[in-house]
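1. only the shape, not the letters, is given here:
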């Protein structure tokens, strides 16, 4: 890869320059090492040597560029360097010991961690709902780490309190709300759980102080293909998974509003109190969009909180061409949206957006700690946003998205979304031209779910053991691709459908040849089965 | 600052070299810009230009070193550059627009974000329970960001599944457990909430499916000076804040075991079911350590889950000299510990450690999503640790701690803890030599709580309005120091004690002169009040 070769030479040159330059300003790195041996140093000397530390950081930066960003995105290099756990543990020498190690040894460890980690930015990483790399976002993430800011008060996070507010405003505008509230959460599951807690609190504010005991049994509604965090949330929040009522989906995996309406009425007739419908915009496996407008009608009829888990699909709102998939989203009470997925903002970046303007989030979650949220501060304490979360320490997740958005604009993000759809269209059309590939369903989004039938099994679809044999195809192909390291794609069963592949294509690093490679590689790995 | 001046010249030189080197391997950056104007590019071209992106990343790295790591830790520079919110919003130009911006403009933005952010690594940032910088940890954090790994399966996170396991093992060993379980959480509040959920589930496993309705009213016990996340957790988990029974503390802020015992018996007599005692090792304000051994006796007597919130104080376990503060911790069921605090591992790094060996964590939290945790994988699926969390996407928080621990060893971390105690001892002794400084209590840890009485008020302690006037001193001094940017320290009231300062001294960047400066500066800012 031209760029990387050049960079490698350049980096070697840099090493010499860096070492020389830093040596000029290193005051006592060597002395410092000696002092460490004799125990506590004098109080007049700090324990950290900046020059030594910055040199290490610079060397690490170079390894990151070489190993993760150049090799790690180069299609002539592996996506993964598979090792059995025992061997990998041995290679990494993970044990933590009493004494420290010299810098050169530590740099080898940095290299090893990079070498044996999965290259999630690689164009042939089709495995998950995240992947790819955006350099502006990554720059924002490095800056976030270096600033080490805790996003709870304006006092310690002035820039990020204002920035988070602005990014949330930008996302809300795309939902269709000119006002509202919101917060960044550590992942989409937390966003969904916050929505559940808010819906419960709005209906029964006394739950915060008294708990669930005085309340009637509450029920939540979500489709059979929604994310598992709805059930996890119900368990965690004390509601119980039995009180998550599963609504049927159509062939494409979309919630059926009529079944929702019936299940709500049934639940009411059984003496429970329905309080939340958790819809999905972009299901995890099939990428289906629940019909939000029709669900909103049902929610209005029964006066239920409507939450949209758009962790995966929310990014279509950037696209004039595809935002119709989420028609009706502006009628929701809350929307969860993970820009760390399709927009490649980097883990983690998950926003919970609210239509509420009554400070519900703060009222529901606040504990008003007097050591942190003092009311006699010299600035407007409404800027101390930390009490809106159930977290205390909270990472800054807005800068990476803000910087990327500033860099390419809404138009640039729209282009990425549109291009992902075009890639998927190309992949699907090519798939149809080949024998052995069978789609579960025409994709609605950028998830393509399909079975691969090896030549030996073709024509035997009616055989009694066909499904059983088909179920074993994907795991074997997966094992082979992992061990050869050529690409990564996930598989799973779904309902009565046996194991099928789910290829996720949205990374801005993708091009047509990666789609062609994907199909060729499935054939190469599976044709002898 | 010698190091920074030298670095500045070096960086200027680098800019020239970098620009030249990258120009050699930039294939079509300029063309790419032009293409963006005409809409979607051909499918044969990815949307990201690596050379352009890596150049931007390198330039950002240089800004980080200059602004955050050199200037941001230089005592001749400001800790904060205070701006009113309206002015700051204007300076940052936060608005997100349709079109992107050129690279040089974006680099200015990176600089502005750094400039107006609080320098939490600065030796004069005494404001919070985090601060300082460790370069090895920071290198680990950059690598974590670049690898963009989601810690849920061995398949996508082979290195980090094994590494997290090893780091948790190392932390458990310090607690005194040879076996057990654990997980990294997004902050100490989440760790505390997980413990609450586990304790509840262990006693009533049916809560997961049925919720709290079938159960008797549950009660939690914690001291009046424990972290507010215990109440937040009770609200969030459906238990209710009224069911958090507050236990009295002694003068130093430590839970009184006798009062705990009595309150448990009272709660039982009222028909509730006590299930959890949440102790604190290192309270947020005073840094007090609850007497764990005595509390363990009470928990054993009543068969209650004992959780230790050691988010702040846990790091004393590295020190042979100071670990006695946590005597009895090995008798706990769970321990929460944030190495992002005293160990300077960087936000966020929070471990929940468990003595349990029955897979309680997985049983309590799992949802067994078939698209992620397939059981027919070709490796041991027990390595897929994601289902132990209520999160789905989960950031890698172990690498930064692992790399730092490898770099300095347990002995190096012990030295940091010991040195923090020595600094605090020095500060306290110096404080006693000066007029106007009054300690709330002799510090047990590295929190020093004190009132500063300006000369005009000295001798008037018996006046009717003395407390009222004293309460206003800290906020004024705080406003002055923020606006001048010289240092940052927090204040708060506590019970019937009016506003006092809480100085937190533990950063490995500290030296004696920072302690002296602190005292001088409080006097300088407050002597005319």
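-> Structure's in. What do you need? Given the structure is predicted, the values throughout are model-derived calculations rather than measurements.
2. after the lowest-mean-pLDDT helix or strand in chain A, next one along is what?
-> Least confident helix or strand, chain A: helix A:29-37 with a mean of 39, by mean pLDDT, DSSP states H and E. Per DSSP states H and E, the first helix or strand lying C-terminal to helix A:29-37 is helix A:50-63.
3. let me see the domain layout of chain A.
-> A:74-80+A:118-147+A:397-528, A:150-395 (the TED database).
4. what's the end-to-end length of the last one?
-> Using C-alpha to C-alpha, to the nearest Å, one end of domain A:150-395 lies 6 Å from the other.
5. first to last residue in stretch A:67-86, what's the distance?
-> 23 Å.
6. for that stretch, buried residues please.
-> By neighbour count on 16 or more other C-beta atoms under 10 Å in any protein chain shown, the buried set for stretch A:67-86 is A:67-75, A:77-80, A:82-83, A:85. The C-beta positions use only the backbone N, C-alpha and C, and glycine is treated the same way.
7. which residues touch it?
-> A:1, A:3-4, A:7-8, A:91, A:111, A:114-116, A:118-119, A:121-125, A:133, A:482-483, A:485-488, A:509, A:513-514, A:517, B:50, B:54, B:57, B:143, B:146-147, B:154, B:158, B:162, B:379-380, B:383 (C-beta atoms under 8 Å, 6 or more residues apart in numbering or on different chains).
8. take the residues you listed and keep only those in strands.
-> A:125, A:488 (DSSP state E).
9. and of the buried residues of stretch A:67-86, the nearest to chain B?
-> residue A:68 (4.4 Å; C-beta to the nearest C-beta).
10. leaving out chain neighbours, which residue sits closest to the closest one?
-> residue B:146 (4.4 Å; C-beta to C-beta, 6 or more residues apart in numbering or on different chains).
11. check contacts around the one you found.
-> A:64, A:68, A:69, A:138.
12. any idea how far residue B:459 is from it?
-> Using C-beta to C-beta, to the nearest Å, one obtains 60 Å as the distance from residue B:146 to residue B:459.
13. for residue A:112, same thing?
-> Taking C-beta to C-beta, one finds residue A:112 at 65 Å from residue B:459.
14. one more: residue A:357?
-> Counting by C-beta to C-beta - residue A:357 and residue B:459 are separated by 52 Å.
15. quick one on the thing from earlier: would you mind measuring from the residue nearest to residue A:68 to residue A:482?
-> 22 Å.
16. isn't residue A:438 up against residue A:449?
-> No: with contacts counted by C-beta atoms under 8 Å, residue A:438 stays clear of residue A:449, the gap being 9.8 Å.
17. neighbour-wise, which of the two wins?
-> residue A:449 (21 against 15; other C-beta atoms under 10 Å in any protein chain shown).
18. show me where the stretch 301-450 of chain A has its helices.
-> With DSSP state H, counting those that start in this stretch as the criterion, the stretch 301-450 of chain A has helices at A:360-365, A:399-433.
19. so can I have a markdown table of the ones you listed showing mean neighbour count?
-> Putting the helices of the stretch 301-450 of chain A into a markdown table (neighbours: other C-beta atoms under 10 Å in any protein chain shown) gives the following:
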| stretch | mean neighbour count |
| --- | --- |
| helix A:360-365 | 20 |
| helix A:399-433 | 21 |
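20. for chain B, find the nearest of these.
-> Comparing the helices of the stretch 301-450 of chain A by C-beta to the nearest C-beta, helix A:399-433 comes nearest, at 4.1 Å.
21. who are the neighbours of the closest one, in terms of helices and strands?
-> helix A:135-147, helix A:158-175, strand A:437-439, strand A:447-452, helix A:512-526, helix B:103-116 (3 or more C-beta pairs under 8 Å, 6 or more residues apart in numbering or on different chains; DSSP states H and E).
22. report the inter-axis angle for the second one versus helix A:135-147.
-> Taking axes from the mean of the first three to the mean of the last three C-alpha atoms, to 10 degrees, one finds helix A:158-175 and helix A:135-147 inclined to each other by 150 degrees.
23. show me the shaky parts of chain A.
-> A:1-42 (pLDDT under 70).
24. and stretch A:478-491, end to end?
-> 8 Å.
25. would you mind listing the buried residues in that stretch?
-> For stretch A:478-491, the neighbour count (16+ other C-beta under 10 Å) marks A:478, A:480, A:481, A:482, A:485, A:486, A:487, A:488, A:489, A:490, A:491 as buried.
26. close to chain B, is that stretch?
-> Yes: judged by C-beta under 8 Å from any C-beta of the partner chain, stretch A:478-491 and chain B are in contact via A:478, A:479, A:482, A:488, A:490, A:491.
27. farthest pair within those residues?
-> Distance extremes for the residues of stretch A:478-491 next to chain B: the farthest pair is A:479 and A:490 at 13.0 Å, using C-beta to C-beta.
28. isn't residue A:285 up against residue A:504?
-> No: judged on C-beta under 8 Å, residue A:285 makes no contact with residue A:504 at a distance of 10.3 Å.
29. compare the two (neighbour count), which wins?
-> Per other C-beta under 10 Å, whichever of residue A:285 and residue A:504 has more neighbours is residue A:504, with 25 against 22.
30. who's in contact with residue A:252?
-> A:286, A:288, A:441, A:442, A:444.
31. which of the buried residues of stretch A:67-86 fall in strands?
-> Short answer: the buried residues of stretch A:67-86 have none in strands (DSSP E).
32. just those residues now: which is nearest residue B:255?
-> residue A:85 (41.9 Å).
33. with distance to residue B:474 as added columns, please give the domains of chain A in JSON lines.
-> Below are the domains of chain A laid out as JSON lines (distance: least, C-beta to C-beta, whole Å):
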{"stretch": "domain A:74-80+A:118-147+A:397-528", "distance to residue B:474": "26"}
{"stretch": "domain A:150-395", "distance to residue B:474": "9"}
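34. out of those, deepest packed?
-> Compared across these, domain A:150-395 shows the largest average neighbour count, a mean of 22 (mean count of other C-beta atoms under 10 Å in any protein chain shown).
35. hey, what's in contact with both of residue A:285 and residue A:504?
-> Both residue A:285 and residue A:504 are contacted by residue A:447, under the criterion C-beta under 8 Å, 6+ apart.
36. out of the domains of chain A, which comes closest to residue B:352?
-> domain A:150-395 (13.9 Å).
37. what's the offset of the closest one from the middle of its chain?
-> Remark: domain A:150-395 is offset 16 Å from the chain centroid, using C-alpha atoms, centre = their mean, to the nearest Å.
38. got it, and stretch A:144-159?
-> The answer for stretch A:144-159 is 22 Å, by C-alpha atoms, centre = their mean.
39. just give the nearest non-adjacent residue to residue A:246, would you?
-> In space, residue A:246 is closest to residue A:224, 4.9 Å off (C-beta to C-beta, 6+ apart).
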